[in-house]
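Engineer: coords below, sequence missing:
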């Protein structure tokens, strides 16, 4: 039960009143200028205990995480610092719950008195004066005085001092928390800036204008979960990747940094993107923990000599090949990285793509999930078809300008980004072929192919007799692949183009087991036995015939060349 304040010393002497004002002024000054709030609270308690003449005092603050009352400072014969009371427990709990000063004349008869504390410490509580630490109706805790010295009871003057001290302490605590929050916010801001700077440093340096692979990243916030990388390799190859880490903020940024570092390192030692993604997945599963995060990622290898790309997709948005005004999508062959090692095997399916003068676009879901300009009110998203339209509209621009123009359309009028935007383009920069065919390795397909080869040779400027020689060479080369390389089902990729010096170039790629070029030498015409003359005919009608190292994912690469007079 709460006792009324006694009338004792209702009107203090002038000297006592001035001492009371001096104490309040001193403590207000101490709290306002404190650099160590804990020490200042302890000092304030000691001053109030001495001024009021109490045997003990304690200051409790609400634990913002658990709502418990925790003793942060105390004065008296026993130390209860760190003592925790449930919300509403004890007289101090009632002072906080009611947000008002509570006076208990006889603690033993009060139903809220926490007698177990006395039982544990051996202290004998007789009377209690407890004032809340309140600031603008918000209660932060309470100050409690125990046992007026000499057996007296607390009076109204003691209450005034305690309430004044409580108000000053509450203001100081609130300011200290605000200052700590601002310091923490500034620390986080600096950390985010540092993370963003590190992240920007991990993206590829600006590549020369005209480089066949270009990329752009626009983060929605200071740091991004999106990434891309471009790694030039020996043999006119370029490794590239694009990815998106689940989640946002620092954690996503750290996982992004780890993934891009792994790619940049492993791309130099892995000849195919499928095993490369499997190796990255294995490492992420072992070291990135099981925090529920994952990485969608596409990795690829461009062979600049042949304009071919070998691509592997782990749970990412399907890349789009723009060809003849239409788009071909390349779907993911596995779930994202970082979930389980067995989900991304070394035998991960790959896409072999002949660019044939066209361009391949890779992007994150920030593009497909952006709001459509035509349907802002309905929250309709751009989608893959919308991305294709944006690519079509910017197709005539150089690669770097094209990427910027596409992203500019998605954040027109300075609209805030809903997600990170990352876009990559891979181009075949050789002259566009006069003929590009991917056909089944079967004799029935050669009849139509011969007509197409003749038309391409004539279009390149070959005289009719030279065009027939090109047809003969291509036909013999394809027959060799069908009969000797595959011996069954397979594919042949053929391109014919006129190169700048004025020669007709034929590029023929298959996916059969690699052959030994030294064993394909022509035999003399006087060696009369069946077969084996095809290589002789090819070399006799073409100016150059050479087997070159095949592009990633292919089996054999035959290059034929014939000068055009």
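Structural biologist: Sure thing, it's come through. None of the values given here were measured: they were computed from a predicted structure.
Engineer: for the host helix or strand of residue 540, packing partners?
Structural biologist: With elements taken from DSSP states H and E, the one containing residue 540 is helix 534-541. Judged by 3 or more C-beta pairs under 8 Å, 6 or more residues apart in numbering; DSSP states H and E, helix 534-541 is in contact with helix 464-480. C-beta here means a position set from N, CA and C on the backbone, and glycine is covered the same way.
Engineer: So what touches whichever helix or strand comes after the helix it packs on?
Structural biologist: Later in the chain than helix 464-480, the nearest helix or strand by DSSP H and E is strand 491-498. The contact list for strand 491-498, computed with C-beta atoms under 8 Å, 6 or more residues apart in numbering, reads 307-308, 354, 356, 430-441, 449, 453, 456-457, 460-461, 470, 474, 478, 481, 504-511, 554, 564.
Engineer: now these: which count as buried?
Structural biologist: The neighbour count (16 or more other C-beta atoms under 10 Å) marks 307-308, 354, 356, 430, 433-437, 441, 449, 453, 456-457, 460, 470, 474, 478, 481, 504-511, 554 as buried among the contacts of strand 491-498.
Engineer: elements contacting the longest strand seen in the chain?
Structural biologist: As assigned by DSSP state E, the longest strand anywhere in the chain is strand 138-148. The contact analysis (3+ C-beta pairs under 8 Å, 6+ apart) places strand 138-148 against helix 37-52, strand 54-62, strand 69-75, helix 90-98, strand 128-135, helix 156-202.
Engineer: Any idea how far the fourth one is from the middle of the chain?
Structural biologist: Just to be clear, that refers to helix 90-98. 47 Å (C-alpha atoms, centre = their mean, to the nearest Å).
Engineer: Report the buried residues of that helix.
Structural biologist: 90, 91, 92, 93, 94, 95, 96, 97.
Engineer: So which of those is the closest to residue 198?
Structural biologist: Nearest to residue 198 out of these is residue 96 (C-beta to C-beta; 45.6 Å).
Engineer: can you map out the strands along the stretch 301-450 of the chain?
Structural biologist: With DSSP state E, counting those that start in this stretch, the ranges of strands along the stretch 301-450 of the chain come out as 308-314, 320-323, 326-329, 351-354, 359-363, 421-427, 435-440.
Engineer: nearest to residue 146, of those strands?
Structural biologist: Nearest to residue 146 among the strands of the stretch 301-450 of the chain is strand 421-427; the distance by C-beta to C-beta comes to 63.7 Å.
Engineer: Relative to the closest one, what are the paired strands and their orientations?
Structural biologist: If you go by DSSP bridges, strand 421-427 pairs up with strand 213-218 (antiparallel), strand 359-363 (antiparallel).
Engineer: mind checking pLDDT for the residue nearest the centre of the chain?
Structural biologist: In the chain, the C-alpha nearest the mean C-alpha coordinate belongs to residue 225, at 1.7 Å (C-alpha atoms, centre = their mean). At residue 225, the model reports a pLDDT of 78.
Engineer: cool, residue 444 as well?
Structural biologist: We have a pLDDT of 89 for residue 444.
Engineer: The chain should start at 18 in everything you say after this.
Structural biologist: From this message on, residue numbering opens at 18, which makes the last subject residue 461.
Engineer: Roughly how far does it sit from residue 525?
Structural biologist: As judged by C-beta to C-beta, to the nearest Å, residue 461 and residue 525 stand 18 Å apart.
Engineer: picking that back up, in a markdown table, list the helices and strands packed on strand 155-165 along with distance to residue 283 and mean pLDDT.
Structural biologist: As requested, the helices and strands packed on strand 155-165 are arranged in a markdown table below (distance: least, C-beta to C-beta, whole Å; pLDDT from 0 to 100):
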| stretch | distance to residue 283 | mean pLDDT |
| --- | --- | --- |
| helix 54-69 | 52 | 82 |
| strand 71-79 | 52 | 92 |
| strand 86-92 | 51 | 92 |
| helix 107-115 | 59 | 92 |
| strand 145-152 | 57 | 90 |
| helix 173-219 | 15 | 77 |
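Engineer: Low-confidence stretches in the stretch 218-367 of the chain?
Structural biologist: Scanning the stretch 218-367 of the chain for pLDDT under 70 picks out 218, 239-240, 266, 305-308.
Engineer: Which parts of it are helices?
Structural biologist: For the stretch 218-367 of the chain, applying DSSP state H, counting those that start in this stretch gives helices covering 266-283, 290-304.
Engineer: and among those, the most buried is which?
Structural biologist: helix 290-304 (a mean of 22; mean count of other C-beta atoms under 10 Å).
Engineer: just how off-centre is that helix within its chain?
Structural biologist: Relative to its chain's centre, helix 290-304 lies at 17 Å (C-alpha atoms, centre = their mean).
Engineer: Domain map for this structure?
Structural biologist: Following automatic domain parsing, the chain resolves into domains at 31-196, 220-444, 452-580.
Engineer: Distance to residue 202 for the ones you listed - can I get that in JSON lines?
Structural biologist: Formatted as JSON lines, the domains of the chain follow (distance: least, C-beta to C-beta, whole Å):
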{"stretch": "domain 31-196", "distance to residue 202": "10"}
{"stretch": "domain 220-444", "distance to residue 202": "13"}
{"stretch": "domain 452-580", "distance to residue 202": "49"}
